[in-house]
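> My questions concern the predicted model and sequence given below.
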Amino acid sequence: MKINQYIVLLTFAIATAGCSLIYDDLSVCGADYLINYQMNLVTEVQTTIDEKLSSDIEKPMADALKAWSEPYFEGHAHDLDMSFYSLGGTDELLEHKSDTINAKQKSYTLYIPRKDYRHLAVVNIAENNNVTLMGGQYVSSMRVAQREADTLPSHSTAVYTARLDMYMPANDSNLTFNVHLYMASSAVAIVQTNHNTTPLRMERVMLSGTASSFSINDSTYAFNHNSLIEAEKVVDGCYAMVSLPSRDAVSAPGGAKANAQAADNSLWKLRVYVPMPDGKVTETVLSFPYALQAGKMEIVKVEVQDNGAVVVVGNAEVGATVTLDWKEGNEHELITG
């Protein structure tokens, strides 16, 4: 996997009262520390699109999907949220700073007392339409939380997070901290390969089985409420969405709801709706037994059959349940996303 990076430089000037500029005792005066924030960019997504959509007839769709995915996977940083917690046993928030970056490099000075910190950083949270930061008073409770709703739009940003223990010895003024930010979001694209040979088209796609929150301190996802994530239309025959990942095993925590989903051996699902010429709608529920991972885009190639049923191309692992003449509100399947 090819990784590109950009760096946001943050100079820490440790503030100390009553300190002479020529005082040699660093435990009193403090020192300047440099922190490098490095976004680990997920550039293999462009390669994945080329590999999955490699034919000449698929090229326009591949180009459109690349353009759609670039803002999420090329690591644009709009905003940076920085929290510094006690490492002395209380885990409480000691210092907090947020800044609008909107660039690939930025330098500024932040004054905080010289202490040992547990540092949590989050990028691209301020303008995300679906998630927010919660529980930030203590390091163990700080999380990226998705708002609760039956149906949500695709996330408008990809969230990156990091954690780092920062030790500041009293007599060491030559410390540099490197903070690596990794994507906590994931993406799914569904591509209709026979959209040029049939009049039937996908017109709505919903994703279920994704996490409701992400704990930054221990990098764990929770599945405490159910939401359907609605895909965006990229071009005719292609829909895509950004969300939090799925659980990575059927035994992952999540209580009764997680166990209900595990019963059919699926980790996440796509609901695909195809309108028919007679006004009826066909619903296909595609069930995936493998994880939707953070920092990845899953590309699902499908064909639409004459009855509106959606069939996955080249992946026999994916299960399918088809409902002909589907009607809104007539749900017969337990949604456990």
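Now that the structure is in, tell me what you want to look at. Residues are numbered from 1 along each chain as shown.
> Nearest residue to the middle of the protein?
The residue lying closest to the centre of the chain (C-alpha atoms, centre = their mean) is residue 185, at 0.9 Å.
> I'd say that residue and residue 244 touch.
Yes. Here residue 185 lies in contact with residue 244, judged by C-beta atoms under 8 Å, at a distance of 6.4 Å. Where C-beta positions appear, they are placed from N, C-alpha and C, glycine not excepted.
> where does the stretch 151-300 of the chain have low pLDDT?
Scanning the stretch 151-300 of the chain with the threshold set as pLDDT under 70 gives 173, 250-264.
> Just the helices from it, written as ranges.
Secondary structure of the stretch 151-300 of the chain by DSSP state H, counting those that start in this stretch: the helices cover 255-262.
> Please name the residues that touch residue 273.
Residues near residue 273 by C-beta atoms under 8 Å, 6 or more residues apart in numbering: 202-205, 281-283, 326.
> Can you tell me which of those residues is closest to residue 225?
Ranked by distance to residue 225 (C-beta to C-beta), those are led by residue 205 at 20.9 Å.
> Now do that closest one against residue 243, distance only.
In this view, residue 205 and residue 243 are 12 Å apart by C-beta to C-beta, to the nearest Å.
> can you check residue 127 too?
16 Å.
> Mind checking which of the two has more residues around it?
Shown here are residue 127 and residue 243; by other C-beta atoms under 10 Å, residue 243 has more neighbours (27 against 10).
> which ones are touching residue 119?
82-85, 162-166, 177, 179 are the contacts of residue 119 under C-beta under 8 Å, 6+ apart.
> let's see 10 Å
By C-beta atoms under 10 Å, 6 or more residues apart in numbering, the residues touching residue 119 are 35, 82-85, 87, 95, 139, 162-166, 177, 179.
> swap in residue 178?
7, 34-38, 162, 164.
> If you rank those by neighbours, which is first?
residue 37 (25 neighbours).
> Return the set of residues that bridge with that one.
residue 8, residue 179 (DSSP bridges).
> Isn't it up against residue 82?
Yes. The criterion here is C-beta atoms under 10 Å, and residue 37 meets it with residue 82 at 8.7 Å.
> any residues in contact with both of the two?
10, 121, 123, 162, 179.
> Are any of those buried, and if so which?
Buried members of the shared contacts of residue 37 and residue 82, scored by 16 or more other C-beta atoms under 10 Å, are 10, 121, 123, 162, 179.
> OK, contacts around the third one?
Which is residue 123. Neighbour list for residue 123: 8, 37, 39, 75-82, 101, 157-162, 181, 183-184 [criterion: C-beta under 10 Å, 6+ apart].
> Now intersect those with the strands, please.
Judged by DSSP state E, the contacts of residue 123 include 8, 37, 39, 79-82, 160-162, 181, 183 as members of strands.
> ok, now which ones touch residue 229?
130, 146, 151-155, 188, 205-210, 241-244, 268, 337.
> switch the cut-off to 6 Å
152, 207, 241, 243 (C-beta atoms under 6 Å, 6 or more residues apart in numbering).
> how close does the third one get to residue 305?
The reference is to residue 241. From residue 241 across to residue 305, the span is 23 Å (C-beta to C-beta).
> more neighbours, those two?
Each of residue 241 and residue 305 has its neighbours counted (other C-beta under 10 Å); residue 241 has more, 23 against 16.
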